[in-house]
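# sequence and predicted structure, then a few things I'm wondering about:
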Amino acid sequence: MNPYVEAGYTAVTCSLGAYAIFLGVRSRQVKLRLAQLRANQVPHSGLVEDA
Amino acid sequence: MSTNAKLKRGVGVAALVTIALTFWLGLVVTPPAEVMGNLVRMLYIHPPMAWIAYLAYGITTAASLLYLWKRTRRREWDLIAAASAEAGVFFTGLTILTGSIWGRPAWGVWWTWDALLTATAVLFLLYLGYLALRQVPMSETKRGVRSAIAALVAFIDVPIVHESVYWWKTLHQTPSVLNPSMNVEVHGSMAWTLLLGFVAFTLAYVWMVWTRFETSRRQAQLADLEVENAIRERLSAEEVRI
(Lines give C-alpha, C1' and ligand atoms only; values in the text may rest on other atoms or scores of the structure.)
Protein backbone atom coordinates (compact mmCIF):
# COMPACT_ATOMS: atom_id res chain seq x y z
CA MET A 1 0.00 0.00 0.00
CA ASN A 2 1.10 3.57 -0.67
CA PRO A 3 2.62 5.17 2.50
CA TYR A 4 0.78 8.46 1.84
CA VAL A 5 -2.55 6.63 1.68
CA GLU A 6 -1.71 4.79 4.91
CA ALA A 7 -0.82 8.10 6.57
CA GLY A 8 -4.07 9.70 5.36
CA TYR A 9 -6.32 6.90 6.62
CA THR A 10 -4.42 6.70 9.93
CA ALA A 11 -4.73 10.46 10.47
CA VAL A 12 -8.48 10.37 9.80
CA THR A 13 -9.05 7.33 12.04
CA CYS A 14 -7.06 8.79 14.95
CA SER A 15 -8.68 12.23 14.66
CA LEU A 16 -12.22 10.85 14.48
CA GLY A 17 -11.54 8.52 17.41
CA ALA A 18 -9.95 11.24 19.54
CA TYR A 19 -12.75 13.75 18.88
CA ALA A 20 -15.46 11.13 19.54
CA ILE A 21 -13.79 10.18 22.87
CA PHE A 22 -13.48 13.85 23.82
CA LEU A 23 -17.18 14.45 23.06
CA GLY A 24 -18.25 11.32 24.95
CA VAL A 25 -16.17 12.09 28.06
CA ARG A 26 -17.23 15.76 28.14
CA SER A 27 -20.88 14.78 27.74
CA ARG A 28 -20.64 12.30 30.64
CA GLN A 29 -18.87 14.83 32.90
CA VAL A 30 -21.49 17.52 32.30
CA LYS A 31 -24.34 15.03 32.71
CA LEU A 32 -22.94 13.87 36.08
CA ARG A 33 -22.36 17.43 37.30
CA LEU A 34 -25.90 18.42 36.37
CA ALA A 35 -27.33 15.35 38.13
CA GLN A 36 -25.25 16.15 41.25
CA LEU A 37 -26.40 19.75 41.32
CA ARG A 38 -30.04 18.76 40.88
CA ALA A 39 -29.74 16.16 43.64
CA ASN A 40 -28.19 18.74 46.01
CA GLN A 41 -30.88 21.28 45.32
CA VAL A 42 -33.67 19.55 47.32
CA PRO A 43 -32.07 19.57 50.78
CA HIS A 44 -30.68 23.01 50.08
CA SER A 45 -34.08 24.56 49.34
CA GLY A 46 -35.30 22.80 52.49
CA LEU A 47 -32.66 24.70 54.47
CA VAL A 48 -33.90 27.97 53.03
CA GLU A 49 -37.43 27.21 54.20
CA ASP A 50 -36.20 26.24 57.70
CA ALA A 51 -34.30 29.46 58.03
CA MET B 1 -32.69 4.79 27.90
CA SER B 2 -34.87 7.45 26.24
CA THR B 3 -35.90 7.24 22.55
CA ASN B 4 -33.67 10.22 21.84
CA ALA B 5 -30.62 8.52 23.36
CA LYS B 6 -31.40 5.27 21.52
CA LEU B 7 -31.68 7.14 18.22
CA LYS B 8 -28.40 8.96 18.83
CA ARG B 9 -26.67 5.69 19.69
CA GLY B 10 -28.13 4.20 16.47
CA VAL B 11 -26.67 7.07 14.42
CA GLY B 12 -23.29 6.58 16.14
CA VAL B 13 -23.23 2.85 15.44
CA ALA B 14 -24.34 3.42 11.82
CA ALA B 15 -21.53 5.97 11.41
CA LEU B 16 -18.97 3.55 12.82
CA VAL B 17 -20.13 0.67 10.58
CA THR B 18 -20.29 2.77 7.40
CA ILE B 19 -16.88 4.36 8.05
CA ALA B 20 -15.35 0.90 8.58
CA LEU B 21 -17.03 -0.30 5.38
CA THR B 22 -15.79 2.74 3.43
CA PHE B 23 -12.23 2.12 4.65
CA TRP B 24 -12.42 -1.58 3.72
CA LEU B 25 -13.84 -0.84 0.26
CA GLY B 26 -11.42 2.04 -0.24
CA LEU B 27 -8.30 0.21 0.85
CA VAL B 28 -9.01 -3.40 -0.17
CA VAL B 29 -11.82 -3.81 -2.69
CA THR B 30 -11.56 -0.89 -5.14
CA PRO B 31 -8.89 -1.06 -7.88
CA PRO B 32 -6.00 1.41 -8.25
CA ALA B 33 -6.58 4.14 -10.87
CA GLU B 34 -4.83 4.15 -14.26
CA VAL B 35 -2.93 7.39 -13.76
CA MET B 36 -2.91 7.94 -9.99
CA GLY B 37 -2.43 4.32 -8.93
CA ASN B 38 -3.08 3.65 -5.24
CA LEU B 39 -3.17 7.37 -4.46
CA VAL B 40 -6.74 7.42 -5.77
CA ARG B 41 -7.75 5.83 -2.45
CA MET B 42 -7.52 9.28 -0.88
CA LEU B 43 -10.59 10.12 -2.98
CA TYR B 44 -12.83 8.16 -0.59
CA ILE B 45 -11.94 10.31 2.42
CA HIS B 46 -10.82 13.76 1.19
CA PRO B 47 -13.90 15.00 -0.77
CA PRO B 48 -16.40 13.71 1.86
CA MET B 49 -14.51 15.74 4.52
CA ALA B 50 -14.79 18.87 2.37
CA TRP B 51 -18.51 18.18 1.79
CA ILE B 52 -19.13 17.86 5.54
CA ALA B 53 -17.33 21.15 6.15
CA TYR B 54 -19.66 22.88 3.64
CA LEU B 55 -22.69 21.18 5.20
CA ALA B 56 -21.61 22.12 8.73
CA TYR B 57 -21.12 25.78 7.85
CA GLY B 58 -24.45 25.79 5.99
CA ILE B 59 -26.21 24.49 9.12
CA THR B 60 -24.36 27.06 11.26
CA THR B 61 -25.55 29.83 8.93
CA ALA B 62 -29.17 28.62 8.91
CA ALA B 63 -29.24 28.27 12.71
CA SER B 64 -27.60 31.70 13.09
CA LEU B 65 -30.25 33.29 10.86
CA LEU B 66 -32.99 31.66 12.94
CA TYR B 67 -31.34 33.02 16.08
CA LEU B 68 -30.99 36.52 14.64
CA TRP B 69 -34.65 36.66 13.64
CA LYS B 70 -36.41 37.70 16.86
CA ARG B 71 -39.54 35.66 16.14
CA THR B 72 -37.58 32.41 16.06
CA ARG B 73 -34.86 33.35 18.58
CA ARG B 74 -34.19 30.44 20.90
CA ARG B 75 -31.09 29.38 22.84
CA GLU B 76 -31.15 26.06 20.95
CA TRP B 77 -30.44 27.69 17.55
CA ASP B 78 -27.35 29.37 18.96
CA LEU B 79 -26.15 26.07 20.44
CA ILE B 80 -26.79 24.18 17.18
CA ALA B 81 -24.85 26.86 15.26
CA ALA B 82 -21.89 26.49 17.65
CA ALA B 83 -21.96 22.68 17.63
CA SER B 84 -22.06 22.59 13.84
CA ALA B 85 -19.26 25.17 13.52
CA GLU B 86 -17.06 23.09 15.82
CA ALA B 87 -17.65 19.98 13.69
CA GLY B 88 -17.03 22.13 10.59
CA VAL B 89 -13.66 23.29 11.93
CA PHE B 90 -12.77 19.68 12.75
CA PHE B 91 -13.62 18.51 9.22
CA THR B 92 -11.96 21.52 7.57
CA GLY B 93 -8.80 20.66 9.51
CA LEU B 94 -9.03 17.07 8.26
CA THR B 95 -9.69 18.29 4.69
CA ILE B 96 -6.49 20.36 4.82
CA LEU B 97 -4.54 17.49 6.40
CA THR B 98 -5.68 14.79 3.95
CA GLY B 99 -5.29 17.23 1.05
CA SER B 100 -1.73 17.97 2.11
CA ILE B 101 -0.93 14.25 2.39
CA TRP B 102 -2.41 13.72 -1.10
CA GLY B 103 -0.70 16.83 -2.50
CA ARG B 104 2.83 15.75 -1.55
CA PRO B 105 3.05 12.76 -3.94
CA ALA B 106 0.64 14.26 -6.53
CA TRP B 107 2.04 17.81 -6.82
CA GLY B 108 5.41 17.40 -5.09
CA VAL B 109 4.58 19.82 -2.25
CA TRP B 110 2.83 19.55 1.11
CA TRP B 111 1.39 23.04 0.75
CA THR B 112 1.21 25.80 -1.85
CA TRP B 113 -0.48 29.21 -1.77
CA ASP B 114 -2.92 28.11 -4.42
CA ALA B 115 -6.32 29.92 -4.53
CA LEU B 116 -8.36 26.95 -3.28
CA LEU B 117 -5.91 25.99 -0.54
CA THR B 118 -5.56 29.58 0.65
CA ALA B 119 -9.33 30.15 0.66
CA THR B 120 -9.75 26.90 2.65
CA ALA B 121 -7.11 27.99 5.17
CA VAL B 122 -8.93 31.34 5.52
CA LEU B 123 -12.21 29.45 6.05
CA PHE B 124 -10.58 27.38 8.80
CA LEU B 125 -9.27 30.54 10.51
CA LEU B 126 -12.60 32.38 10.15
CA TYR B 127 -14.52 29.65 11.96
CA LEU B 128 -11.75 29.25 14.55
CA GLY B 129 -12.30 32.96 15.16
CA TYR B 130 -16.05 32.31 15.46
CA LEU B 131 -15.38 29.65 18.13
CA ALA B 132 -12.96 31.99 19.92
CA LEU B 133 -15.56 34.79 19.89
CA ARG B 134 -17.97 32.46 21.69
CA GLN B 135 -15.49 32.16 24.56
CA VAL B 136 -15.45 35.91 25.22
CA PRO B 137 -17.33 36.60 28.48
CA MET B 138 -20.59 38.47 27.77
CA SER B 139 -24.33 38.00 28.24
CA GLU B 140 -25.90 35.01 26.51
CA THR B 141 -28.01 37.08 24.09
CA LYS B 142 -25.15 39.39 23.20
CA ARG B 143 -22.87 36.42 22.56
CA GLY B 144 -25.58 34.72 20.48
CA VAL B 145 -26.18 37.81 18.31
CA ARG B 146 -22.51 38.66 17.82
CA SER B 147 -21.50 35.12 16.96
CA ALA B 148 -24.49 34.74 14.61
CA ILE B 149 -23.33 37.85 12.69
CA ALA B 150 -19.76 36.48 12.65
CA ALA B 151 -21.07 33.17 11.28
CA LEU B 152 -22.91 34.95 8.45
CA VAL B 153 -19.78 36.91 7.53
CA ALA B 154 -17.59 33.77 7.65
CA PHE B 155 -19.99 31.90 5.36
CA ILE B 156 -19.14 34.29 2.49
CA ASP B 157 -15.91 32.31 2.10
CA VAL B 158 -17.69 28.98 1.45
CA PRO B 159 -18.77 29.75 -2.16
CA ILE B 160 -15.35 31.37 -2.73
CA VAL B 161 -13.66 28.08 -1.72
CA HIS B 162 -15.93 26.03 -3.96
CA GLU B 163 -15.72 28.33 -6.98
CA SER B 164 -12.02 29.19 -6.66
CA VAL B 165 -11.05 26.32 -9.01
CA TYR B 166 -13.14 27.97 -11.75
CA TRP B 167 -12.30 31.61 -10.98
CA TRP B 168 -8.52 31.24 -10.78
CA LYS B 169 -5.85 28.95 -12.19
CA THR B 170 -5.26 26.42 -9.44
CA LEU B 171 -3.26 23.24 -8.98
CA HIS B 172 -6.32 21.61 -7.49
CA GLN B 173 -8.58 19.78 -9.92
CA THR B 174 -12.25 20.76 -10.39
CA PRO B 175 -14.74 18.81 -8.22
CA SER B 176 -15.36 15.21 -9.36
CA VAL B 177 -18.88 15.12 -7.93
CA LEU B 178 -20.18 18.56 -6.90
CA ASN B 179 -19.41 20.21 -10.26
CA PRO B 180 -21.76 22.65 -12.11
CA SER B 181 -22.80 20.08 -14.74
CA MET B 182 -23.39 17.46 -11.98
CA ASN B 183 -21.41 15.09 -14.18
CA VAL B 184 -19.93 12.52 -11.80
CA GLU B 185 -16.44 11.68 -13.03
CA VAL B 186 -16.07 8.53 -10.91
CA HIS B 187 -17.61 5.21 -11.90
CA GLY B 188 -18.23 1.61 -10.78
CA SER B 189 -17.04 0.40 -7.37
CA MET B 190 -15.10 3.64 -6.93
CA ALA B 191 -18.31 5.68 -7.26
CA TRP B 192 -20.16 3.46 -4.75
CA THR B 193 -17.30 3.69 -2.26
CA LEU B 194 -17.18 7.46 -2.63
CA LEU B 195 -20.95 7.66 -2.12
CA LEU B 196 -20.69 5.47 0.97
CA GLY B 197 -17.93 7.78 2.23
CA PHE B 198 -20.28 10.76 1.91
CA VAL B 199 -23.00 8.89 3.84
CA ALA B 200 -20.57 7.62 6.52
CA PHE B 201 -19.03 11.00 7.31
CA THR B 202 -22.44 12.71 7.21
CA LEU B 203 -23.64 10.24 9.86
CA ALA B 204 -20.50 10.94 11.91
CA TYR B 205 -21.20 14.67 11.59
CA VAL B 206 -24.81 14.22 12.77
CA TRP B 207 -23.64 12.23 15.81
CA MET B 208 -20.98 14.83 16.65
CA VAL B 209 -23.36 17.80 16.40
CA TRP B 210 -26.06 15.96 18.35
CA THR B 211 -23.65 15.06 21.18
CA ARG B 212 -22.08 18.54 21.26
CA PHE B 213 -25.49 20.22 21.22
CA GLU B 214 -26.76 18.10 24.12
CA THR B 215 -23.62 18.82 26.14
CA SER B 216 -23.86 22.57 25.46
CA ARG B 217 -27.54 22.59 26.45
CA ARG B 218 -26.70 20.80 29.71
CA GLN B 219 -23.82 23.25 30.31
CA ALA B 220 -26.27 26.13 29.86
CA GLN B 221 -28.70 24.48 32.31
CA LEU B 222 -25.79 23.95 34.69
CA ALA B 223 -24.87 27.63 34.49
CA ASP B 224 -28.53 28.61 35.15
CA LEU B 225 -28.70 26.29 38.16
CA GLU B 226 -25.43 27.60 39.57
CA VAL B 227 -26.72 31.18 39.36
CA GLU B 228 -30.01 30.09 40.96
CA ASN B 229 -28.12 28.34 43.78
CA ALA B 230 -25.87 31.33 44.35
CA ILE B 231 -28.92 33.62 44.64
CA ARG B 232 -30.63 31.18 47.00
CA GLU B 233 -27.52 30.87 49.17
CA ARG B 234 -27.20 34.65 49.33
CA LEU B 235 -30.87 35.03 50.28
CA SER B 236 -30.69 32.34 52.96
CA ALA B 237 -27.53 33.92 54.39
CA GLU B 238 -29.31 37.27 54.60
CA GLU B 239 -32.36 35.65 56.21
CA VAL B 240 -30.13 34.04 58.86
CA ARG B 241 -28.53 37.44 59.55
CA ILE B 242 -31.99 39.05 60.04
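Yep, it's here. Numbering: from 1, shown residues only, chains lettered A, B, ... in the order given.

# any idea how far residue B:26 is from residue B:20?
Distance of residue B:20 to residue B:26, given as CB to CB, to the nearest Å: 11 Å. Any C-beta I mention is one placed from the backbone N, CA and C, and that applies to glycine too.

# residue of chain B nearest chain A, please.
residue B:38 (4.1 Å; CB to the nearest CB).

# name the nearest residue to that residue, sequence neighbours excluded.
residue A:2 (4.1 Å; CB to CB, 6 or more residues apart in numbering or on different chains).

# which residues does that neighbour contact?
B:37-39, B:41, B:105 (CB atoms under 8 Å, 6 or more residues apart in numbering or on different chains).

# out of those, list just those in helices.
Those of the contacts of residue A:2 mapping onto helices are residue B:105, per DSSP state H.

# and the strands in chain B?
Counting by DSSP state E, chain B has no strands to list.

# quick one, helices of it?
Under DSSP H, chain B gives helices at B:3-24, B:46-68, B:75-107, B:115-133, B:140-155, B:157-167, B:188-241.

# same deal with chain A?
Taking DSSP H as the criterion, chain A carries its helices at A:3-50.

# next to chain B, which bits of it? Give me the list.
Taking CB under 8 Å from any CB of the partner chain as the measure of proximity, chain A contacts chain B at A:1-2, A:4-5, A:7-9, A:11-13, A:15-16, A:19-20, A:23-24, A:26-27, A:30-31, A:33-34, A:37-38, A:41, A:44-45, A:47-48, A:51.

# how close does the residue most central in space within chain A sit to residue B:96?
By CA atoms, centre = their mean, the mean C-alpha position of chain A lies nearest to residue A:26, the distance being 1.6 Å. Using CB to CB, residue A:26 is found at 24 Å from residue B:96.

# same question for residue B:162.
15 Å.

# who has more neighbours out of the two?
residue B:96 (20 against 17; other CB atoms under 10 Å in any protein chain shown).

# which residues touch the more buried one?
Counting by CB under 8 Å, 6+ apart, residue B:96 touches B:117, B:120-121, B:124.

# give me the spatial nearest neighbour of residue B:171, chain neighbours excluded.
Counting by CB to CB, 6+ apart, the residue nearest residue B:171 is residue B:114, at 4.9 Å.

# dihedrals phi and psi, the closest residue to chain B within chain A?
Nearest to chain B, among the residues of chain A, is residue A:2, at 4.1 Å (CB to the nearest CB). Main-chain torsions, residue A:2, degrees, to the nearest 10: phi -70, psi 130.
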